[in-house]
Structures are given as C-alpha cells and as structure tokens.
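Q: coordinates for the following, if possible.
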Amino acid sequence: MAENTLLYEIEQLPDNLKLKTLHYIYQLKKEYMDVSMPNNSAKRIFGRVKGKYKLAPDFDEALEDFKDYI
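A: Purely as a prediction, here's the structure:
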C-alpha cells in the first residue's frame with residue numbers, strides 16, 4: 001500500500017479512531033520486534049559437547065578411494 005494512501009485514510013478518521021490506529025501500530029511493531037529478534041538468554045557455552053563426538057583413529061589418513069591419486 002502506498003504511504004500517501006495510508007496517510008490519507010488516517011487523516012479521514014475521527015480523533016478517537018486515530019488514537020486507536022496509533023495504538024494498533026505500536027502493538028504491531030512490538031509483536032514484530034519480539035518475533036524478529038532472537039532470544040539471547042541461552043548463551044552458547046564453549047566446550048559444552050566435549051566428549052560427545054569421537055573421531056576415528058585414522059581420520060587424517062587418505063581414503064581408500066583416493067589411494068590411486070596420491
């Protein structure tokens with residue numbers, strides 16, 4: 001919707017509806033900000049998964065499929 005049209009329609013409203021419109025805009029902005037901003041309350045902790053993953057002893061060795069190219 002064009003901004004000019006929106007402003008025109010708001011100007012046509014009586015004062016009490018303008019106030020309700022303003023409150024509605026504030027409510028929409030608040031809901032949008034709550035959804036769009038991530039919740040940073042759960043901070044990532046370094047080393048949290050330590051010991052949960054094990055690498056194979058031959059992890060750094062070349063794969064059998066590539067032996068011909070090395």
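
Q: list of residues touching the one helix or strand residue 16 maps to?
A: Secondary structure assigned from DSSP states H and E places residue 16 in helix 15-36. The contact list for helix 15-36 (C-beta atoms under 8 Å, 6 or more residues apart in numbering) reads 10, 13. To be clear about C-beta, it is placed using only N, CA and C from the backbone, and glycine gets the same treatment.

Q: rerun that using 10 Å as the cut-off
A: For helix 15-36, the external contacting residues (C-beta atoms under 10 Å, 6 or more residues apart in numbering) are 6, 9, 10, 11, 12, 13, 14.

Q: count of neighbours near the last one?
A: Spelled out, that is residue 14. Using other C-beta atoms under 10 Å, residue 14 has 8 neighbouring residues.

Q: what do you get for the third one?
A: Neighbouring residues of residue 10 were enumerated by other C-beta under 10 Å; the total is 13.

Q: residue contacts, it?
A: Listed by C-beta under 10 Å, 6+ apart, the contact set of residue 10 reads 17, 18, 21, 22, 25.

Q: gap between residue 31 and residue 22?
A: 15 Å (C-beta to C-beta, to the nearest Å).

Q: okay, and for this protein, where does confidence drop off?
A: For the chain, residues meeting the criterion pLDDT under 70 lie at 1, 35-41.

Q: hmm, try it at 50
A: Of all residues in the chain, none has pLDDT under 50.

Q: still on that earlier bit, return the member of the contacts of residue 10 nearest to residue 63.
A: Distance to residue 63 across those (C-beta to C-beta) is lowest for residue 25, with 59.6 Å.

Q: since that was my last question, I'll sign off now.
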